[in-house]
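A.B. asks: Fold the following.
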Amino acid sequence: MSQSPYDLVVIGAGPGGYVAAIRAAQLGMRVACIEKDHSLGGTCLNVGCIPSKALLESSELFAEASGGLAAHGIRVSGVELDLDKMMKRKGRVVNALTKGVAGLFKKNGVDHLVGKARLAGPGKVELEGEESQTLEAKRILIATGSAPIELPGVAFDGERVVSSTEALCFENVPENMLVVGAGAIGLELGSVWARLGSKVSVVELADQIVPGADRELAELLERSLHKQGLRFRLQTSAQSAEAGTSGVRVSIKGPDTESHEDYDVVLVAVGRKAYTDGLGLDTVGITTDERGRIPVDSDYRTSAEGIHAIGDVIAGPMLAHKAEEEGVAAVEKMAGVAGHVNYDAVASIVYTFPELASVGMSEDGARSAGHEVKVGKFPFMANGRARCAGHTEGMIKIVADATTDRVLGVHVLGASASELIAEAAVAVEFSATAEDLARSVHAHPTLSEAMKEAALAVDGRQIHM
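C.D. replies: Predicted coordinates for the structure are as follows:
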């Protein structure tokens, strides 16, 4: 079965794919978006960003009610965890948002097709699903996302050795849990289960948590999470895991020791890999790089005429908002509009408590890139709003070029860091200077005043320290 050609067929309905499909429809294209099942929103919405944040919010409230409110003069007793209800709430959040995507498709005239897609040659996509068919398209956009990486010797079994997908759906709180990998996913889910009562240990092969983050703030975050009960071992790896009926025996190798330890469950969170299985890239002559990603040019075009790719299947950080912006830029370029993504202004966030958010270069990274830098810092302990809220951990750190004063990077550790980083992203996007931030009026009392003070501190003239 065939039909008149689409202007664009998008393979994958995650953040990159569905946003690209909607933007393309806004630009007047006839668009179809294919997802392998009925779950619009991809990994992010269904088993990633959204459900994990729902559990982070719920578990943080549980921790507050279990003891964190006493300093505010609020006495709470008899706090109990209803994990089943917490999970059902998470499900309602996800379902509401997936229905929202379906509504946006309907509003914008995007055809939502369900099934497994495979490239069948230039301008052709085979769809195997409820109604198998061959679609013809002037252009094809691959936005199939990524999948968890499995460690050699520590194979997923879905019950005792799990990926982030299963760790979002435990029916009971594990008594003790090992997290392999101290990146965003491992720390966030480790935090959830630690707050709910699990004894959580984290091993990380690198010499700091959140590898690649500003070292100073990463070390402060480690101390904070340690106080919350998480136990860290750096430069340490899981060598093997043997699952049984009641737990998992894990072989763990550190710098000087090797041990065998027992856990109820092991979460492997060492990263993700591009998902291109079964796409038929070979039928159009596309080859992947050494990490399985699809090479593209600055317009997101692959080596095959008329085929583009965005998001986790191409180089760059595997972030939902990065995929969204690439999706918009890719289809705008197809339409002759000036699409644009400034990769220096793509923020990364760890949604623990406190949160860690960064945009641009770290202090070490800026120096390695040849910049002479000046740094301004301001602690939340000296911020009035943070004092009122009782959230005084952390700081804002601004890295600026010593000659031009241009903001090279901003790093925030503290409550609402994920919101505060937006101002910094705008500063980086528009090549702002520290002086620009320092001269901008920030309302009082707000957490954002710490951004102004950190900018003032770049030249040693902060007021409230």
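
A.B. asks: Let's check: the centremost residue of the protein is which one?
C.D. replies: Residue closest to the average C-alpha location in the chain (CA atoms, centre = their mean): Leu319, at 4.7 Å.

A.B. asks: Now for it: which residues touch it?
C.D. replies: Residues near Leu319 by CB atoms under 8 Å, 6 or more residues apart in numbering: Val346, Ser348. Using the backbone N, CA and C atoms, a C-beta is placed for each residue, glycine as well.

A.B. asks: My guess is Asn383 contacts Ser448. True?
C.D. replies: No - checked against CB atoms under 8 Å, the pair Asn383 and Ser448 is beyond contact range at 9.2 Å.

A.B. asks: Between these two, which is the more surrounded one?
C.D. replies: Asn383 (25 against 20; other CB atoms under 10 Å).

A.B. asks: gap between the more buried one and Asp264?
C.D. replies: Distance, Asn383 to Asp264, using CB to CB, to the nearest Å: 40 Å.

A.B. asks: same question, Ala443
C.D. replies: 47 Å.

A.B. asks: more crowded one of these two?
C.D. replies: Neighbour totals were compared for Ala443 and Asp264, and Asp264 leads with 18 against 8 (other CB under 10 Å).

A.B. asks: And Arg89, its phi and psi?
C.D. replies: Phi and psi for Arg89, reported as degrees, to the nearest 10, are phi -60, psi -50.

A.B. asks: For it, grab the count of nearby residues.
C.D. replies: 15.

A.B. asks: ok, now Arg293?
C.D. replies: For Arg293, using other CB under 10 Å, the count is 18.

A.B. asks: where do the helices sit along this protein?
C.D. replies: 15-26, 42-47, 49-63, 83-108, 164-167, 184-195, 215-227, 320-334, 363-368, 384-389, 417-429, 434-439, 449-457 (DSSP state H).

A.B. asks: The ones you listed: which one's closest to Thr245?
C.D. replies: Taking CB to CB, helix 164-167 is the member of those nearest to Thr245, at 17.1 Å.

A.B. asks: For that closest one, name the packing helices and strands.
C.D. replies: helix 184-195, strand 265-268 (3 or more CB pairs under 8 Å, 6 or more residues apart in numbering; DSSP states H and E).

A.B. asks: Parallel or antiparallel, which strands does the shortest one pair with?
C.D. replies: Read it as strand 265-268. According to DSSP bridges, strand 265-268 has the following sheet partners: strand 161-162 (parallel), strand 176-180 (parallel).

A.B. asks: Mind pulling the model confidence for Thr245?
C.D. replies: Thr245 carries a pLDDT value of 85.

A.B. asks: burial of it, as a residue count?
C.D. replies: 6.

A.B. asks: Please look at Gly121 and Thr283 and confirm they touch.
C.D. replies: Yes - under the criterion of CB under 8 Å, Gly121 makes contact with Thr283 at 5.7 Å.

A.B. asks: residues touching Val328, list them.
C.D. replies: Val19, Ala20, Arg23, Gly339.

A.B. asks: Point out the least confident member of the residues you listed, please.
C.D. replies: When the contacts of Val328 are compared, Gly339 shows the smallest pLDDT, 92.

A.B. asks: ok, now which ones touch it?
C.D. replies: Val328, Ala329, Ala330, Val331, Glu332, Lys333.

A.B. asks: For the fourth one, which non-adjacent residue is spatially closest?
C.D. replies: Of all residues beyond its chain neighbours, the one nearest Val331 is Ala24 (4.1 Å), with distances taken as CB to CB, 6 or more residues apart in numbering.

A.B. asks: count of neighbours near the one you found?
C.D. replies: Counted with other CB under 10 Å, Ala24 comes out at 28.

A.B. asks: quick one: it from Ala329, how far?
C.D. replies: 12 Å.

A.B. asks: what does Ala25 give?
C.D. replies: Counting by CB to CB, the gap from Ala25 to Ala329 is 16 Å.

A.B. asks: Check Gly12 too.
C.D. replies: 16 Å.

A.B. asks: Which one's more surrounded, these two?
C.D. replies: The residue with more neighbours, out of Gly12 and Ala329, is Gly12; 31 against 21, by other CB under 10 Å.

A.B. asks: Number of residues surrounding the closest residue to that one other than its chain neighbours?
C.D. replies: Computed as CB to CB, 6+ apart, the closest residue to Gly12 that is not its neighbour in sequence is Ala143, at 3.8 Å. Neighbours of Ala143 under the rule other CB under 10 Å: 30.

A.B. asks: do Val350 as well
C.D. replies: Using other CB under 10 Å, Val350 is surrounded by 26 other residues.

A.B. asks: which residues does the residue nearest to Leu127 when sequence neighbours are not counted contact?
C.D. replies: Residue nearest to Leu127 in three dimensions, not counting chain neighbours: Gly115, with 4.6 Å by CB to CB, 6+ apart. Applying CB under 8 Å, 6+ apart, one finds that Gly115 lies in contact with Ile34, Lys36, Leu127, Glu128, Gly129, Glu130, Glu131, Ser132.

A.B. asks: again with Ser52
C.D. replies: By CB under 8 Å, 6+ apart, the neighbours of Ser52 are Ser164, Leu168, Ile185, Glu188, Leu189, Val192, Tyr351.

A.B. asks: one more time with 10 Å, if that's ok
C.D. replies: Cys44, Lys90, Ser164, Ala167, Leu168, Ala184, Ile185, Glu188, Leu189, Ser191, Val192, Tyr351 (CB atoms under 10 Å, 6 or more residues apart in numbering).

A.B. asks: So for the second one, what's the pLDDT?
C.D. replies: Right, Lys90. Lys90 is assigned a predicted lDDT (pLDDT) of 98.

A.B. asks: Contacts for stretch 64-71, please.
C.D. replies: So stretch 64-71 is contacted by 60-63, 72, 74-81, 195-197, 353, 390 (CB under 10 Å, 6+ apart).

A.B. asks: what do you get if the cut-off is 6 Å, keeping everything else the same?
C.D. replies: Stretch 64-71 has contacts (CB atoms under 6 Å, 6 or more residues apart in numbering) with Val76, Val79, Gly390.

A.B. asks: try stretch 435-445
C.D. replies: Gly384, Arg385, Asp405, Ala427, Ser448, Glu449, Lys452, Ala455, Leu456.

A.B. asks: one more time with 10 Å
C.D. replies: In contact with stretch 435-445 (CB under 10 Å, 6+ apart) are residues 376, 383-389, 398, 400, 405-407, 410, 423-424, 426-427, 430, 432-433, 448-459, 461-462.

A.B. asks: Tell me where the stretch 201-350 of the chain has strands.
C.D. replies: For the stretch 201-350 of the chain, applying DSSP state E, counting those that start in this stretch gives strands covering 231-234, 237-243, 248-253, 258-263, 265-268, 272-274, 307-309, 348-350.

A.B. asks: who does the first one pair up with?
C.D. replies: Under the criterion DSSP bridges, strand 231-234 sits next to strand 199-204 (parallel) in its sheet.

A.B. asks: Next, report how far the partner strand is displaced from the centre of its chain.
C.D. replies: Relative to the centre of its chain, strand 199-204 is centred 20 Å away, using CA atoms, centre = their mean, to the nearest Å.
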